[in-house]
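Colleague: what shape does this take:
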Amino acid sequence: MHDFLLKSMDIRHFFNETTGGWIVKNLIVALVVVVIGIITVTLWLRSYTEHGVEVLVPQVIGLSQDEAAALIAENDLRLEVIDSTYTQLVPLGAIVEQNPVANSHAKHRRTIYVVINANSVRQVPMPDLRDISFRQAEATLHSVGLKIKEYIYEPSEFKDIVLDVRMEGQSIQPGERISQGSEVVLVIGKGKGTARVMVPNLVGKDLLEARSLLLSSYLTMGSIHYDEEPTEETEGLYFVYNQQPTAGSYILEGSIVDIQLSTDLEKAVVQSDESDNEDFF
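Modeller: Just a heads-up that it's a prediction; the model follows:
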């Protein structure tokens with residue numbers, strides 16, 4: 001015991017009387033302060049971030065933005081729309097994607113990022129598919145978000161080319177805007193038939209009317225000649241003033257009919273007085 005007391009007195013003397021002892025004492029105090037500080041900050045951070053406390057992320061895909069926001073708020077989470085798209089998988093204006101995904105765990109007040117479906121159906125222009133192969137037409141329609149409902153085969157000069165695109169029985173012209181996701185009917189050429197049909201009278205018709213008449217007669221539009229190069233301003237003013245074969249002729253199904261167009265009304269009158277057998281090409 002006497003030796004222990006002497007050693008204790010020597011230690012106190014070392015800390016109180018020597019410079020080395022003073023430094024060691026301050027280092028120990030500093031170390032204790034640092035340790036206490038680390039523990040305090042760690043406990044505070046755990047409390048501030050609610051460490052270990054998580055909630056289950058609800059499923060919001062298919063819900064409207066308002067419905068999703070209410071459900072997210074009930075779970076002490078936040079909702080933020082980061083993008084919009086268009087799909088037929090969910091209703092218009094509904095949530096398409098979410099991150100984090102449903103049934104995952106997240107901390108309180110975590111932001112749930114969502115992609116929302118468009119509020120209206122996107123309109124896309126109908127591409128020009130006429131006179132291309134139906135395989136090319138399929139790829140083109142798919143690229144713009146349109147679907148093929150069915151194929152109709154009709155006589156034509158050439159086989160496996162697109163003659164027309166229809167929806168609800170009506171031809172759709174190139175550039176006409178329709179709803180993305182719509183289903184269209186492709187009219188495909190199957191080559192010349194064996195029956196003979198009468199060539200309709202195209203004189204006085206515009207280009208679209210002439211094409212429609214030929215299709216309804218199982219004939220194919222051939223070469224198109226303008227007496228003057230059309231411009232954007234005059235393109236819709238042209239009408240057929242001559243055709244070959246002439247109206248009333250009988251030709252095989254699928255045969256082509258060539259036409260000439262002009263903005264001059266007198267040409268149609270003059271042409272009607274000329275011989276039906278005149279070759280104008």
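Colleague: report how many residues lie close to residue 245.
Modeller: A count of nearby residues for residue 245, using other CB atoms under 10 Å, gives 18. Any C-beta I mention is one placed from the backbone N, CA and C, and that applies to glycine too.
Colleague: how about it, nearest residue that isn't a chain neighbour?
Modeller: Distances taken as CB to CB, 6 or more residues apart in numbering put residue 199 closest to residue 245, at 5.1 Å, once the chain neighbours are dropped.
Colleague: check contacts around that neighbour.
Modeller: By CB atoms under 8 Å, 6 or more residues apart in numbering, residue 199 lies in contact with 217, 219, 243, 245-251, 257.
Colleague: contacts only, for the closest residue to residue 239 other than its chain neighbours.
Modeller: Using CB to CB, 6+ apart and skipping the chain neighbours, the partner closest in space to residue 239 is residue 206 (5.3 Å). Residues in contact with residue 206 (CB under 8 Å, 6+ apart) are 236, 238-240.
Colleague: by neighbours, which of the residues you listed wins?
Modeller: Counting neighbours by other CB under 10 Å, residue 240 leads these with 24 neighbours.
Colleague: if I look at that one, how far off is residue 154?
Modeller: Going from residue 240 to residue 154 by CB to CB, to the nearest Å gives 21 Å.
Colleague: with residue 164 instead?
Modeller: Using CB to CB, residue 164 is found at 8 Å from residue 154.
Colleague: okay, and the common contacts of the two?
Modeller: By CB under 8 Å, 6+ apart, residue 164 and residue 154 have these common neighbours: 187, 215.
Colleague: separation between residue 126 and residue 221?
Modeller: Computed as CB to CB, the residue 126 to residue 221 distance reads 17 Å.
Colleague: try residue 166
Modeller: Separation of residue 166 from residue 221 (CB to CB) stands at 16 Å.
Colleague: quick one: which of those two has more around it?
Modeller: Per other CB under 10 Å, whichever of residue 166 and residue 221 has more neighbours is residue 221, with 22 against 16.
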